[in-house]
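Colleague: build me a model from this:
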Amino acid sequence: MALNESDPNVLTYVRRYKDEAILVVLNMSATEQKAQFDLSPLGFSSPRLSILLTSFHKPLTGMTDALPMEPYSVFMAKISQTSAGK
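Modeller: Okay, the predicted model is just below:
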């Protein structure tokens, strides 16, 4: 399922299989972007992201309302509910 479809620079989508969900974020531009997405319509009211793969050169610091994406970068994470959301 595609997220943030109005952003021409960042492609964000979720792949689901059985009980697992993976978030994929791709910055397809030469400039840093802020990827914004809302996972609550997918049933993740309190999501927790476990990083699977990233091409970031800098450490990822606290994600607040947007994910900072370096130029031409990729971010993949497993999505799960926090214990408070279960």
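
Colleague: mind listing the helices in the protein by residue range?
Modeller: Counting by DSSP state H, the chain forms no helices at all.

Colleague: show me what the helix or strand of it with the lowest mean pLDDT is in contact with.
Modeller: Every helix and strand in the chain was compared by mean pLDDT, DSSP states H and E; the lowest is strand 2-3, with a mean of 85. Residues from elsewhere that reach strand 2-3 (C-beta atoms under 8 Å, 6 or more residues apart in numbering): L11, T12, Y13, V14, F37, D38, L39. (Each C-beta comes from the backbone N, C-alpha and C, glycine too.)

Colleague: between the residues you listed, which sits nearest S55?
Modeller: Closest to S55 out of the contacts of strand 2-3 is L11 (14.2 Å), distances taken as C-beta to C-beta.

Colleague: what residues are up against the nearest residue in space to that closest one that is not next to it in sequence?
Modeller: The shortest distance from L11 to any non-neighbouring residue, by C-beta to C-beta, 6 or more residues apart in numbering, is to L26 (4.5 Å). For L26, the contacting residues are V10, L11, T12, S73, V74, by C-beta under 8 Å, 6+ apart.

Colleague: which of the contacts of strand 2-3 are buried?
Modeller: Buried subset of the contacts of strand 2-3 (neighbour count, 16 or more other C-beta atoms under 10 Å): L11, T12, V14, F37, L39.
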